[in-house]
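Participant: my questions concern the predicted model and sequence given below.
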Amino acid sequence: MDTGASLGPLKLNLSEELPSVFQCLQTKSLAGFDDVEVGCVPSPDIAVTSCRSHEDASQTYKVHHTRSTSVSLPSSPVAVKRVLFSDQNGGTSNSELPSSLKSPSSKKTKLPKQSKFHSQPIPSGNAYADAMMNGNISNSLELPRTISRTDRLKDRRYDSFKTWSGKMERQISNLRGKQQGPVPENNDSPNSEIQSVPVERYFDALEGPELETLRASEELLLPEDKRWPFLLRFPVSSFGICLGVSSQAILWKAIATSPSTSFLHVSLDANLVLWCISIALVVMVFLIYSLKFIFYFEAVRREYYHPIRVNFFFAPWIALLFLALGVPPTIAKYLHATLWYVLMAPILCLELKIYGQWMSGGQRRLSKVANPSNHLSVVGNFVGALLGASMGLKEGPIFFFAVGLAHYSVLFVTLYQRLPTNETLPKELHPVFFLFVAAPSVASMAWAKIQGTFDYGSRISYFIALFLYFSLAVRVNFFRGFRFSLAWWAYTFPMTGASIATIKYSNEVTNTITRSLSLLLSLASTLTVTALLISTIIHAFVLRDLFPNDIAIAISRRKKKTNVKHFHLFRHGSSDTTDNSQAMRSETSDVKDIELALKAEHSTCKVDIESSLSNHPDRVW
């Protein structure tokens, strides 16, 4: 039989190096080498595979031409090895070959000394998956799913903090035609770790008065040796920058409009410039944190449940109140009262939550979470009362003033005596002590606005603020020797508030001392804000170390597992007491079960011995 006739359009001589069994395959020199025709795939069960025409194959299997990937086949199967076996002289007899492969021109055909591997086209993508489902391609040729370079370089460790991780990402990949493997249901996955972190975990996993330092026995969900995404590193305490700059707009408005400082001849243009800068800064910080809220909602939620960070959620609303108080007269002389209700509504909601937690006790009681940053939750009441009284309101400002005064008195006593359960603030957080000055200075101006004059009640609050200011200012060593951080902005708006209160007081008591004091405090606050703003820009855009990795939001939901046996019996905390008691009960019950089993076995052996002695009394045991 003619081999060329049996193989259709492909005519190859057996004297070539190509093995006979692969004569139906196309070579590189022929066009359409990588086109797939399922009918031409060699079968391992027969010696020769006849190639069908494209029309017959399309009618039988409905196969179309697709771009494919050439993959080298393994060694010849068993049936083919019989063809490749040579005799001692290096040849193969025609008797050992199938009849379809015998050549009429020669009785022996020399085969190559080395077997060659030729490319076999395998469809890729969805065509390959369909062929596998239909059984047209052997499972032995199954290839692993190709991982793109983008998927290899993508770090999946941050997905647990993303708002749309998991299901949404898989849906988008399916719409794009990329099939993903099944997602394992694992309760210990990062998504389960990120949810429902109880408040006691912050006290157990973190240490320090601000709960910012990770304990040595804990580990983070995110890599410590790698720089995290910017939104994850952007804390809610960044709104302290807005408080410092926007309070300067109020200060220069007071300097330009107060009779006691008219000798300075300050124009309202300074107030306009600072107010515009404050607007731009508030909008920028608000937009960045809004993006964090949208893309990393889990991180925002962790900051909200943090017993210390929750106080900074008052900061954006206080900054908006400052902007309303510092609006230039050239833009608006009077603001509508509706604005006050809109700005005070979120502050009231936050106070209902936080003040209720202080009163109800638990892990969030005031003696447990007392920190100078708690002053922010009180300052919002006094600033709101000041703005409402400036708009001509009466009852609303008095309500917020009373609520703020009641809680400030409790907070002041708790922080001033520093309960034994509270730790001493490190040097890096010493600037937050200036928050002691903010509440009484703003309260004095709020009460003066409510009463219409800077009376004795306003003066009492002002003198308390002034004493606290100087008691901190004379302690020079208390505020040096530590590196720059966002905590330094705690200097700014308390100093500015004390300067504005001094200007208001100098309008009632006009003399050289009050004027000099108002000028000195205003100059100190302006220089402080300017220096901090320049330092912030340098550290943010030049040194790029303003926002380090936010350790507080990356703690695990459960404590770190240890290999020490029965280590859980030595854990501390209210939540662990129940676990310890349950573990001890289970171990006690196990011991009792063992004792009962031993007693039963002992009694059984005793009965067997007695029965044996009774049955065989003459036997010596």
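Facilitator: That came through, no problem. Because the structure is predicted, anything quoted here is derived from the model rather than measured.

Participant: hey, let's count contacts and neighbours off CA atoms from now on
Facilitator: OK.

Participant: which residues touch stretch 379-391?
Facilitator: The contact list for stretch 379-391 (CA atoms under 8 Å, 6 or more residues apart in numbering) reads 314, 317-318, 321-322, 324-325, 334-337, 340, 344, 347, 394, 396-398, 400-401, 403-404, 438-439, 442-443, 445-447, 449-450.

Participant: out of these, which are buried?
Facilitator: 314, 317-318, 321-322, 324-325, 340, 344, 347, 397-398, 400-401, 404, 438-439, 442-443, 445-447, 449-450 (16 or more other CA atoms under 10 Å).

Participant: just the ones of the residues you listed in helices?
Facilitator: 317-318, 321-322, 324-325, 340, 344, 347, 397-398, 400-401, 404, 438-439, 442-443, 445-447, 449-450 (DSSP state H).

Participant: what pLDDT, on average, does the one helix or strand Arg515 maps to get?
Facilitator: Assigned by DSSP states H and E, Arg515 belongs to helix 512-537. Mean pLDDT, computed over helix 512-537, is 94.

Participant: just to be sure, Thr163 is in a helix?
Facilitator: No: remark: Thr163 does not belong to a helix; assigned using DSSP: H, G, I helix; E, B strand; the rest coil, it is coil.

Participant: gap between it and Tyr296?
Facilitator: Going from Thr163 to Tyr296 by CA to CA, to the nearest Å gives 5 Å.

Participant: then Phe399?
Facilitator: 36 Å.

Participant: same check on Val476?
Facilitator: 40 Å.

Participant: out of the two, which sits in the more crowded spot?
Facilitator: Tyr296 (22 against 8; other CA atoms under 10 Å).

Participant: and the closest residue in space to Asn507 that isn't next to it in sequence, what is it in contact with?
Facilitator: Once flanking residues are discounted, Asn507 sits nearest to Ser260: 5.4 Å by CA to CA, 6 or more residues apart in numbering. Neighbouring residues of Ser260 by CA under 8 Å, 6+ apart: Ile503, Ser506, Asn507, Thr510, Arg515.

Participant: name the SS class of the fourth one, please.
Facilitator: Applying three-state DSSP to Thr510 yields a three-state assignment of coil.

Participant: what's the local residue count around it?
Facilitator: 13.

Participant: now the closest residue to it other than its chain neighbours: how far from Asp269?
Facilitator: Spatial nearest neighbour of Thr510, chain neighbours left out: Ser260 (6.8 Å); criterion: CA to CA, 6+ apart. Separation of Ser260 from Asp269 (CA to CA): 19 Å.

Participant: same check, this time on Cys276
Facilitator: 11 Å.

Participant: same deal with Ala554?
Facilitator: 45 Å.

Participant: what number of residues lie near the spatially closest residue to Tyr469 that is not a sequence neighbour?
Facilitator: Among residues not flanking Tyr469 along the chain, Val437 sits closest, at 6.0 Å (CA to CA, 6+ apart). Here the number of neighbours of Val437 (other CA under 10 Å) works out to 26.

Participant: enumerate every residue touching Val437.
Facilitator: Counting by CA under 8 Å, 6+ apart, Val437 touches Ala465, Leu466, Leu468, Tyr469, Pro494, Met495, Ala498.

Participant: model confidence score at it, please.
Facilitator: For Val437, pLDDT reads 93.

Participant: look up how far Ile500 lies from it.
Facilitator: Going from Val437 to Ile500 by CA to CA gives 12 Å.

Participant: pLDDT at the residue nearest to Asn507, what is it?
Facilitator: 91.

Participant: that one - that's part of a strand, no?
Facilitator: No: under three-state DSSP, Ser260 sits outside any strand and is assigned helix.

Participant: from Leu521, how far out is it?
Facilitator: Counting by CA to CA, the gap from Ser260 to Leu521 is 14 Å.

Participant: repeat for Val529
Facilitator: 12 Å.

Participant: residues in contact with Phe493?
Facilitator: Applying CA under 8 Å, 6+ apart, the residues near Phe493 are Leu243, Gly244, Val245, Ser247, Gln248, Ala438.

Participant: what helix or strand does the nearest residue in space to Ala446 that is not next to it in sequence sit in?
Facilitator: Distance criterion CA to CA, 6+ apart; nearest residue to Ala446, sequence neighbours excluded, is Leu386 at 4.2 Å. Using DSSP H and E, Leu386 maps to helix 375-390.

Participant: and the angle from that helix to helix 315-325?
Facilitator: Angle, helix 375-390 to helix 315-325, by axes from the mean of the first three to the mean of the last three CA atoms, to 10 degrees: 30 degrees.

Participant: could I get the average pLDDT for helix 375-390?
Facilitator: So the average pLDDT for helix 375-390 ends up being 95.

Participant: okay, it in PDB with CA atoms only?
Facilitator: The C-alpha coordinates for helix 375-390 follow below in PDB (Å, rounded to 0.1, in the frame of the first residue of the first chain):
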ATOM      1  CA  HIS A 375     -11.700  66.700  74.600                       C
ATOM      2  CA  LEU A 376     -12.700  66.800  70.900                       C
ATOM      3  CA  SER A 377     -16.100  65.300  71.800                       C
ATOM      4  CA  VAL A 378     -16.600  68.100  74.300                       C
ATOM      5  CA  VAL A 379     -15.200  71.000  72.200                       C
ATOM      6  CA  GLY A 380     -17.800  70.300  69.600                       C
ATOM      7  CA  ASN A 381     -20.600  71.300  72.000                       C
ATOM      8  CA  PHE A 382     -19.000  74.600  72.800                       C
ATOM      9  CA  VAL A 383     -18.100  75.500  69.200                       C
ATOM     10  CA  GLY A 384     -21.700  74.600  68.200                       C
ATOM     11  CA  ALA A 385     -23.100  76.800  71.000                       C
ATOM     12  CA  LEU A 386     -20.900  79.700  69.800                       C
ATOM     13  CA  LEU A 387     -22.000  79.400  66.200                       C
ATOM     14  CA  GLY A 388     -25.700  79.000  67.100                       C
ATOM     15  CA  ALA A 389     -25.600  82.100  69.400                       C
ATOM     16  CA  SER A 390     -23.800  84.000  66.600                       C
END
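
Participant: number of residues surrounding Leu220?
Facilitator: 15.

Participant: so what pairs up with it in the strands?
Facilitator: Ile555 (DSSP bridges).
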